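Here is the input, now give the coordinates:
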Amino acid sequence: MSFRRISTIAAVALLSGTLAMGVARAQTGTVTDFTLKTAANADVSLKSYAGNKAVVVVFLNPACAFSRLYQERLASLSNNYRSRGVEFLFINVPINLDAPGTAAPGEVELPTLTDASQQVSNLLGVSKTAEAVVLQPSAGGFAIRYRGAIDDNPQMAGSVQQPYLKQVLDNVLAGRPAGVADKRAAGCLIKR
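Numbers count the residues shown, from 1 in each chain. From the prediction side, this is the model:
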C-alpha cells in the first residue's frame, strides 16, 4: 500500500473518531439543580422544570452585540417551543467588556435571570454569550443533550443554513439523540 493511501485512511479514521467523540460529548453529563434570581428578586430553580420535556439555558449579556443579534430568534424559539413542553431560561452573565449594555429601541427584551457569580455558566461549561445548553429531565436530574451555538450565522438571521438549537430540540422532543455535536459559539467571552 502506498504512503499516500495509508495517510488518507488514517486521516479519515481520525476525522471519524473526532466526530463520534463530539457527538458523545454533546450528550453526556448531568446537572442536578441550580437556583438564580429574577429581576424582581424571585428565586427560579432548575428542578422546578422537572416536568418539562426540555429546558434550554441561554447565556446572554446586553452589552454583547451577539446577544442582541440573537434576541429576536431566541424570543421566537421560546414562543414556538413553549407549547411543546420546552422552557427557556435566559441568564445574564458578566462579559469581558466594560461598556454598559441595554437593548436598543425596537429590540426584543428577554426576561433574564442573574448569574453574577457565574455558578451556572461554570456548572454547564459555557464560555461565551450567546451560547445555549439543552437539558432534558432524567432520573438523576437533567441530562445535557447539547452545548453550543444557536445557529451557524449570528449576524444575519435570514442567512442561517444550520439552525442547531432547533434541530436538537426537534430531535429530543421526538425521542431521538440530539443529533448535533457541540458547536462552537461565536460571541463575547464570559468574564472569569
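
Please state the offset of stretch 151-158 from the chain centre?
Distance of stretch 151-158 from its chain centroid, counting by C-alpha atoms, centre = their mean, to the nearest Å, is 15 Å.

In the protein, mark out all the strands, start to finish.
Using DSSP state E, the strands found in the chain span residues 30-31, 35-37, 43-45, 54-60, 86-92, 112-114, 128-129, 131-138, 141-148, 188-189.

out of the ones you listed, nearest to residue 175?
In terms of C-beta to C-beta, the element of those nearest to residue 175 is strand 131-138, at 10.3 Å. No exception for glycine: its C-beta is placed from N, CA and C like everyone else's.

So which residue is smack in the middle of this structure?
Closest residue to the average C-alpha location of the chain: residue 132 at 1.0 Å, with C-alpha atoms, centre = their mean.

got the contact list for it?
Residues near residue 132 by C-beta atoms under 8 Å, 6 or more residues apart in numbering: 56, 57, 58, 59, 146, 147, 148, 149, 150, 165, 185.

Highest neighbour count among those?
Compared across those, residue 59 has the highest neighbour count, 30 neighbours, by other C-beta atoms under 10 Å.

Enumerate every residue touching that residue.
91, 93, 115, 121, 126, 128, 129, 130, 131, 132, 190.

From residue 125, how far off is the last one?
When C-beta to C-beta, to the nearest Å is applied, the distance between residue 190 and residue 125 equals 11 Å.

Comparing these two, which residue is more hemmed in?
Neighbour count, other C-beta under 10 Å: between residue 190 and residue 125, residue 190 has more, with 21 against 12.

Show me the beta-bridge partners of that one.
Beta bridges link residue 190 to residue 95, judged by DSSP bridges.

before we move on, what about residue 135?
The partner list for residue 135 in beta bridges (DSSP bridges) reads residue 55, residue 144.

thinking it is in contact with residue 52, fair?
No - taking contacts as C-beta atoms under 8 Å, residue 135 lies outside contact range of residue 52: 9.2 Å.

Which one's more surrounded, the two?
For residue 135 versus residue 52, neighbours defined as other C-beta under 10 Å are more numerous around residue 135 (26 against 17).

mind listing what the more buried one touches?
Applying C-beta under 8 Å, 6+ apart, we find residue 135 in contact with 31, 46, 54, 55, 56, 57, 142, 143, 144, 145.

I'd like the distance between the first one and residue 144.
According to C-beta to C-beta, residue 31 and residue 144 sit 7 Å apart.

which neighbours do the two share?
124, 135.

Looking at the two, which one has more neighbours?
A count of neighbours by other C-beta under 10 Å puts residue 144 above the other of residue 31 and residue 144, at 23 against 20.

correct me, but that one touches residue 123?
No - the pair residue 144 / residue 123 is not scored as a contact, 10.1 Å apart, by C-beta under 8 Å.

what is in contact with those two at once?
With contacts defined as C-beta under 8 Å, 6+ apart, the residues shared by residue 144 and residue 123 are residue 31.

that older thread, residue 173 versus the residue nearest to the centre of the chain, what's the distance?
Separation of residue 132 from residue 173 (C-beta to C-beta) stands at 15 Å.
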